[in-house]
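In: Sequence and predicted structure are below.
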Amino acid sequence: MQSPIPYRKLLVRMIFLITLTVIIYSCQDAERLNQDIYYTNGRDIYIKKCQNCHGDKGQGLGQLVPPLTDTVYLKENKRKIACFIKNGMSEKIMVHGQSYEDKMPAFPEMANIDIAQVTVYISNSFGNNQGMYTTEAVAADLKACP
Amino acid sequence: MPKLPTFVQILFSMKLKFPPLFILMLFIAATIVSCSPDRKLPIYGQRTLSSTVDTIYQTIPAFSLLNQDSMLINNKTFDNKVYIADFFFTSCSTICPEMHRNMKNIFEQYKDSPDLMFLSHTIDFKYDKPHVLKKYAQKLGVDVPQWQFAYGTKEDIYKLAEQNYLVAVNEDSTARDGYIHQGWLVLIDKEKRIRGAYDGTNKEAVAQLIKDIPVLLAEYKK
């Protein structure tokens, strides 16, 4: 009969590995859970504050309101979104190759966490997939507003 | 104990024993189904009695406004047309975009139809001059004669809204964009009577309007 030690070693290693995997997974789950909470709350804010103009599918309205489906534009301008929401926007922008020049109203009443949540919703809907955007990131981005 | 015959068995036996009766029943059923009366839209507004005809219904009175091309439009522009009227302003960021998104969907369905027109009145008499309306119509993608955008004095527009189309509008400095108004899409028939008012921001209401337009148009096909 062979020595049981290698088996025991293997068993210990396996348990260790499984534990490690579970720990890593649960950490990711917690992060994912947080993002999901932001996303769900963000959707409520979107319906209240954004949907009238930008539409329930982020489709925009003619050449009056830009759609939110241009994933490239949203990715390139992610750090500016917080300023757009908080202070409004009147600069001319190109979205999907179409120019938009009308003013977007400001939402100064929105707290940083509201901005973070609605941005998580927008940047993970309508074909976008940008993941988490924290309240701290909003604070940092707002400091850089023009 | 004899079993109770099932419905199918009765039908079957009837079919075998009394084919004429069965056919007659079918015929009566078909007649009842096909004879259900045509749906008709109600007529809204104040009614008055007259000595010559039974009832005089409230109608949209003569008006004269400027459109997005700075041309005069009046109620003759809408003669022999069914039309949908609403009140909005171009800088409105609350209910107007949703109203016009829904209205545009209807417009797309009836594009180039000779029977249906659209009339949007601005309540922002200070800023929404005809050239502003023109730009708005172009950007909305509806700058065609079938959809008229109307500019007028405060007295004219507000009186039309409140007394004739029965839509509440007002200036309000406490409101976000300076005005408050209701988002009704008002359906007007060829006799210029109000045949329906639908909340232009409500999905179900707009769906009802989309169902009602053909019902109203059918009245004129006979």
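Out: Cool, the structure landed.

In: For the closest residue to chain B within chain A, give me the pLDDT.
Out: For chain A and chain B, the shortest gap (C-beta to the nearest C-beta) falls at residue A:63, measuring 3.9 Å. All C-beta spots, glycine's among them, are computed from the backbone N, C-alpha and C. If you check residue A:63, the pLDDT there is 94.

In: hang on, it packs against residue B:136?
Out: No. Residue A:63 is not in contact with residue B:136 according to C-beta atoms under 8 Å; the separation is 9.8 Å.

In: So for residue B:169, what's the pLDDT?
Out: Predicted confidence (pLDDT) for residue B:169: 88.

In: what residues are up against it?
Out: Shown in contact with residue B:169 (C-beta atoms under 8 Å, 6 or more residues apart in numbering or on different chains): B:87, B:123, B:157-158, B:161-162, B:179-182.

In: how does chain B divide up, domain by domain?
Out: By the assignment in automatic domain parsing, chain B contains the domains B:1-36, B:55-218.

In: Flag whichever of these has the least confidence on average.
Out: domain B:1-36 (a mean of 64).

In: Need the phi and psi values for residue B:43.
Out: phi -110, psi 120 (degrees, to the nearest 10).

In: Next: the one 3 residues further on.
Out: Main-chain torsions, residue B:46, degrees, to the nearest 10: phi -60, psi 140.

In: ok, now which ones touch it?
Out: Applying C-beta under 8 Å, 6+ apart, the residues contacting residue B:46 are residue B:58.

In: before we move on, the earlier item: more crowded one of residue A:63 and residue B:136?
Out: A side-by-side neighbour count of residue A:63 and residue B:136, using other C-beta atoms under 10 Å in any protein chain shown, places residue B:136 first with 26 against 17.

In: where's that one, which helix or strand?
Out: Using DSSP states H and E, residue B:136 sits in helix B:130-140.

In: ok so, going back, and the residue lying closest to the residue of chain A closest to chain B once chain neighbours are set aside, what does it touch?
Out: In this structure, residue A:63 finds its nearest non-sequential neighbour in residue B:139, 3.9 Å apart by C-beta to C-beta, 6 or more residues apart in numbering or on different chains. Residue B:139 is in contact with A:62-64, A:102, counting by C-beta under 8 Å, 6+ apart.

In: out of these, which is most surrounded?
Out: residue A:64 (21 neighbours).

In: And for the closest residue in space to residue B:136 that isn't next to it in sequence, the neighbour number?
Out: Leaving out its chain neighbours, the residue that sits closest to residue B:136 by C-beta to C-beta, 6+ apart is residue B:90, at 4.5 Å. Per other C-beta under 10 Å, the neighbour tally for residue B:90 reads 21.

In: And residue B:115, by the same measure?
Out: Residue B:115 has 15 neighbouring residues, counting by other C-beta under 10 Å.

In: pretty sure it is touching residue B:221, no?
Out: No. Assessed by C-beta under 8 Å, residue B:115 is found out of contact with residue B:221, at 9.4 Å.
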